[in-house]
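A.B. asks: Coordinates for the following, if possible.
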Amino acid sequence: MTKTHMRLVLAIAAVATALLAVGVGSAAGHGGRGGIGHVGTSALVNAAASQLNVTSAKLKGAILDAALARVDDALADEDISASDAADLKEEARDNLIVAYSLSRASVVASKLGVTTTKLNDGFRAARKALILKKIDAAAAAGDITAEQATELKSRLDKATLPGYKAGGLGVGGFRGHGYRR
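C.D. replies: Numbers count the residues shown, from 1 in each chain. Prediction:
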């Protein structure tokens, strides 16, 4: 990993931490975060653990181990200082979002004793289950009509959901106007 790439990863981790702090405050003030397609990291990891037939603690441990290994690799490559590595490891231990963002799917899969394909499939199934639950809840609360719920479920069935890692944790097209909670 190049120094530039590691700096980018560190910056992303810092931004994720800051957004989490702001997002939690905003969520409390507005009754929730994101739209129907938004899937939070903790909920996603817990649901994926169930899909993978492992405990949440085991999956979270594998994610943390993968994140710490990536920091160790960057330190060994002299891409980051020992002080930065220590700070990043502490942040990863304290914040699942940071650990998740630093981890690699292949390392997490290896720590769990599964293939990367199985890990990705488990996360895809977890994302779908969580989004379906949100659609059903929005329909039950009257936030969307039954017709809208059916349309969203149809779109979800056709969507290619990300596996372990995604550019974002939401699903494009499900956070549009009229479907926010």
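A.B. asks: how about residue 106, secondary structure?
C.D. replies: helix (DSSP: H, G, I helix; E, B strand; the rest coil).
A.B. asks: ok, and the closest non-adjacent residue to it?
C.D. replies: residue 116 (5.2 Å; C-beta to C-beta, 6 or more residues apart in numbering). Heads up, the C-betas are built off the backbone N, CA and C, glycines and all.
A.B. asks: and the one you found, what does it touch?
C.D. replies: Residue 116 makes contact with 105, 106, 109, 164, according to C-beta atoms under 8 Å, 6 or more residues apart in numbering.
A.B. asks: got the contact list for whatever helix or strand the third one lives in?
C.D. replies: Under the criterion DSSP states H and E, the helix or strand holding residue 109 is helix 105-112. By C-beta under 8 Å, 6+ apart, the list of residues contacting helix 105-112 from outside reads 52, 54, 58-59, 61-63, 65-66, 69-70, 115-116, 118-120, 163-165.
A.B. asks: how does it look with 7 Å?
C.D. replies: By C-beta atoms under 7 Å, 6 or more residues apart in numbering, the surrounding residues in contact with helix 105-112 are 52, 54, 59, 62-63, 65-66, 69, 115-116, 119-120, 163-165.
A.B. asks: At the geometric centre of the chain, which residue sits there?
C.D. replies: Residue closest to the mean C-alpha point of the chain, counted by C-alpha atoms, centre = their mean, is residue 41 at 3.8 Å.
A.B. asks: Quick check, that residue in contact with residue 100.
C.D. replies: Yes - counting by C-beta atoms under 7 Å, residue 100 is a contact partner of residue 41 at 5.5 Å.
A.B. asks: the residue most distant from the middle of this protein, which is it?
C.D. replies: residue 147 (29.0 Å).
A.B. asks: which residues touch residue 127?
C.D. replies: Applying C-beta under 7 Å, 6+ apart, the residues near residue 127 are 39, 44, 161.
A.B. asks: Counting neighbours, which of these comes out on top?
C.D. replies: residue 39 (27 neighbours; other C-beta atoms under 10 Å).
A.B. asks: sec struct for that residue, please.
C.D. replies: coil.
A.B. asks: That one reaches residue 132, doesn't it?
C.D. replies: No - with contact defined as C-beta under 7 Å, residue 39 does not reach residue 132; the gap is 11.1 Å.
A.B. asks: so what sits against both of the two?
C.D. replies: Joint contacts of residue 39 and residue 132 (C-beta under 7 Å, 6+ apart) do not exist.
A.B. asks: can you map out the strands along the chain?
C.D. replies: For the chain, no strands are identified by DSSP state E.
A.B. asks: Poorly predicted segments of it, please.
C.D. replies: Scanning the chain for pLDDT under 70 picks out 1-36, 167-181.
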